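Asks: Mind folding the following:
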Amino acid sequence: MQPLAERLRPKNLDEYIGQKHLVGDSGVLRTMIETGKIQSIILWGPPGVGKTTLAKIIAKSSNRQMYSLSAISSGVKEVREVLDKASHQNLFNTSPSPILFIDEIHRFSKSQQDSLLSAVEQGVVTLIGATTENPSFEVNSPLLSRCEVYVLKSLEQNDLDELLKRAISQDEILKQKNFNIQETKALFRQSGGDARKFLNILEIIIDSQNSENITINDEIVNKLLQKNTAIYDKKGDMHYDIISAFIKSIRGSDANAAIYYLARMLNGGEDLKFIARRLVISASEDIGLANPNAMLLANACFQAVSTVGYPESRIMLAECTIYLANSPKSNSAYNAINAAMEFSKQTGDLAIPLHLRNAPTKLMEQLGYGQQYKYAHDYPGHFVDQEFLPEEISGTTFYFPQDNAAEQKAKQTIQNLWKDKYKT
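Replies: The predicted structure is shown next:
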């Protein structure tokens, strides 16, 4: 017997659930299908949102033959065999070119992707690629330029609610049973917006009760699925999206949001040292001189995480995350080094003032190296006014203290020592 997800696979757009921005009344893919002007496209989205189904609907609605390949199990040989069949078909048929559907197209190597270029450009086939990874990084630029990319989204709760109603009312097996639906929150949460996973969980619930009367509630779902495995690819877009949200939440001083994203990463099995390293970076880039202790705590967190394993290390990461989020913020050090590096590129290798150079040889002494250098510790307050920058850029300012207590104190020190030499 076919799985429920396969039995309920939509056969046309009217049965298709979700992705209204693409297949709704004014959706670009609906328009493409209705006009019959099918272009090569790449469907990018998480698992279970209807990429394969949409490809099949496009092929059926446009009366085109469809060849399907999986990048996991197919290579250049299989691609060429399909392209040869399509070329032969085009010689003796005036109908539109067949559709070549490649699932997980991001898994194709550069040479495998290159083997498609000519056929796609000449219209031998219309390519529909499906991927869970960002095409910008995983699909070669020449092939990407020949395709339109459409983003599919995880199904929302109202989509899954519609799917549940359709399953129990239209499936030949399920409609013979009696459903007592008390709660659906856990069912929706455990599916993570994945229609296939949603229907698989529904089947597990039905099989576990082995009865004509099926009860669905949160307790039953959570008991059957004791551990909610997060949809989290440590090498994919989710990895970068969540760490980005995590760091931006810290930068934005939202400790609650930061802790939420930390929890998402921990539940997804993210590398603990990766998280700790990002906290060290955030401590210097976003908190910086507004609270120099942040760097010490973040580095201590990294050392602790490197020593203590999970699950205890989650507490150290949480402590550091909350501390950084609640710290005053400054990116003055970040701005200063960026400005100085760019300035040094533009101005080149300016001569170091002679009085700042070491003189390890007699010749260097004769050339004036180190002469007239004033040793700061020999002067009151351990400070003496002398030039440290190359003459051509004397007075150039890279560090601008920001509006926080620690740096306002530093600003006052600079003004007291250097008077009007540096703008602060």
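Asks: Please name the residues that touch Asn299.
Replies: Val280, Ala283 (Cβ atoms under 8 Å, 6 or more residues apart in numbering). (C-beta placed from N, C-alpha, C; glycine too.)
Asks: buried ones in the one helix or strand it maps to?
Replies: If you go by DSSP states H and E, Asn299 is part of helix 293-307. Using 16 or more other Cβ atoms under 10 Å as the test for burial, helix 293-307 gives Ala294, Met295, Leu297, Ala298, Asn299, Cys301, Phe302, Ala304, Val305.
Asks: Turn the residues you listed into JSON lines, columns for pLDDT.
Replies: Shown next, in JSON lines, are the buried residues of helix 293-307 (pLDDT from 0 to 100):
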{"residue": "Ala294", "pLDDT": "96"}
{"residue": "Met295", "pLDDT": "96"}
{"residue": "Leu297", "pLDDT": "97"}
{"residue": "Ala298", "pLDDT": "97"}
{"residue": "Asn299", "pLDDT": "96"}
{"residue": "Cys301", "pLDDT": "96"}
{"residue": "Phe302", "pLDDT": "95"}
{"residue": "Ala304", "pLDDT": "94"}
{"residue": "Val305", "pLDDT": "93"}
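Asks: The stretch 301-424 of the chain: helices as residue ranges?
Replies: 313-326, 332-347, 362-366, 405-418 (DSSP state H, counting those that start in this stretch).
Asks: Please identify the deepest-packed of the ones you listed.
Replies: Greatest average neighbour count among those goes to helix 313-326 (a mean of 19), per mean count of other Cβ atoms under 10 Å.
Asks: Apart from its neighbours in sequence, what residue is nearest Glu133?
Replies: Leaving out its chain neighbours, the residue that sits closest to Glu133 by Cβ to Cβ, 6 or more residues apart in numbering is His106, at 4.2 Å.
Asks: isn't that neighbour right up against Ser70?
Replies: No. Counting by Cβ atoms under 8 Å, His106 does not reach Ser70; the two are 12.0 Å apart.
Asks: I'd assumed Leu100 was in a strand, is it?
Replies: Yes. Counting by DSSP: H, G, I helix; E, B strand; the rest coil, Leu100 is found in a strand.
Asks: Isn't it up against Ser115?
Replies: No. When contacts are counted by Cβ under 8 Å, Leu100 is not listed as touching Ser115 (11.3 Å).
Asks: Identify the contacts common to these two.
Replies: Joint contacts of Leu100 and Ser115 (Cβ under 8 Å, 6+ apart) are Leu83.
Asks: The two: which is more packed in?
Replies: The neighbour count for Leu100 versus Ser115, taken as other Cβ atoms under 10 Å, is higher for Leu100 (27 against 18).
Asks: List the contacts of the nearest residue to that one once chain neighbours are set aside.
Replies: Ranked by Cβ to Cβ, 6+ apart and with sequence neighbours excluded, the top spatial neighbour of Leu100 is Val125, at 4.1 Å. By Cβ under 8 Å, 6+ apart, the contact set of Val125 is Tyr67, Val82, Leu83, Ala86, Ser97, Pro98, Ile99, Leu100, Ala119.
Asks: Make a markdown table from these and add pLDDT to it.
Replies: Shown next, in a markdown table, are these (pLDDT from 0 to 100):
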| residue | pLDDT |
| --- | --- |
| Tyr67 | 93 |
| Val82 | 89 |
| Leu83 | 89 |
| Ala86 | 85 |
| Ser97 | 86 |
| Pro98 | 91 |
| Ile99 | 93 |
| Leu100 | 94 |
| Ala119 | 90 |
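Asks: Select from those residues the one having the most neighbours.
Replies: Leu100 (27 neighbours).
Asks: residues contacting it?
Replies: Applying Cβ under 8 Å, 6+ apart, the residues contacting Leu100 are Met66, Tyr67, Leu69, Val82, Leu83, Ala86, Leu116, Ala119, Val125, Thr126, Leu127, Ile128.
Asks: what bridges to it?
Replies: Tyr67, Leu127 (DSSP bridges).
Asks: ok, back up a step: and the residue nearest to Glu133, backbone torsions?
Replies: With angles defined as degrees, to the nearest 10, His106 sits at phi -70, psi -20.
Asks: what secondary structure does the closest residue to Val23 other than its chain neighbours sit in?
Replies: For Val23, ignoring the flanking residues on the chain, the nearest one in space by Cβ to Cβ, 6+ apart is Arg30 at 4.9 Å. With three-state DSSP as the basis, Arg30 sits in helix.
Asks: what about Arg30, neighbour count?
Replies: Neighbour number of Arg30 under other Cβ under 10 Å is 18.
Asks: Between His106 and Ser70, point out the one with more neighbours.
Replies: His106 (20 against 14).
Asks: which ones are touching that one?
Replies: His106 touches Ala71, Thr131, Thr132, Glu133, Pro135, Glu138, Val139, counting by Cβ under 8 Å, 6+ apart.
Asks: The closest residue to the second one other than its chain neighbours and Gln113: what is the separation?
Replies: Excluding its sequence neighbours, the residue lying closest to Thr131 (Cβ to Cβ, 6+ apart) is His106, at 4.4 Å. Here the distance between His106 and Gln113 works out to 9 Å (Cβ to Cβ, to the nearest Å).
Asks: Next, show the common contact partners of those two.
Replies: Val139.
Asks: Which parts of this protein are strands?
Replies: 41-44, 66-70, 99-103, 126-131, 148-151, 178-181, 213-216 (DSSP state E).
Asks: possible to save the ones you listed as CSV with distance to Lys223?
Replies: Below are these laid out as CSV (distance: least, Cβ to Cβ, whole Å):
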stretch, distance to Lys223
strand 41-44, 35
strand 66-70, 35
strand 99-103, 34
strand 126-131, 34
strand 148-151, 35
strand 178-181, 16
strand 213-216, 12
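Asks: what's the closest of those to Arg251?
Replies: strand 148-151 (26.0 Å; Cβ to Cβ).
Asks: That closest one pairs with which strands, and in what direction?
Replies: With DSSP bridges as the test, strand 148-151 pairs up with strand 41-44 (parallel).
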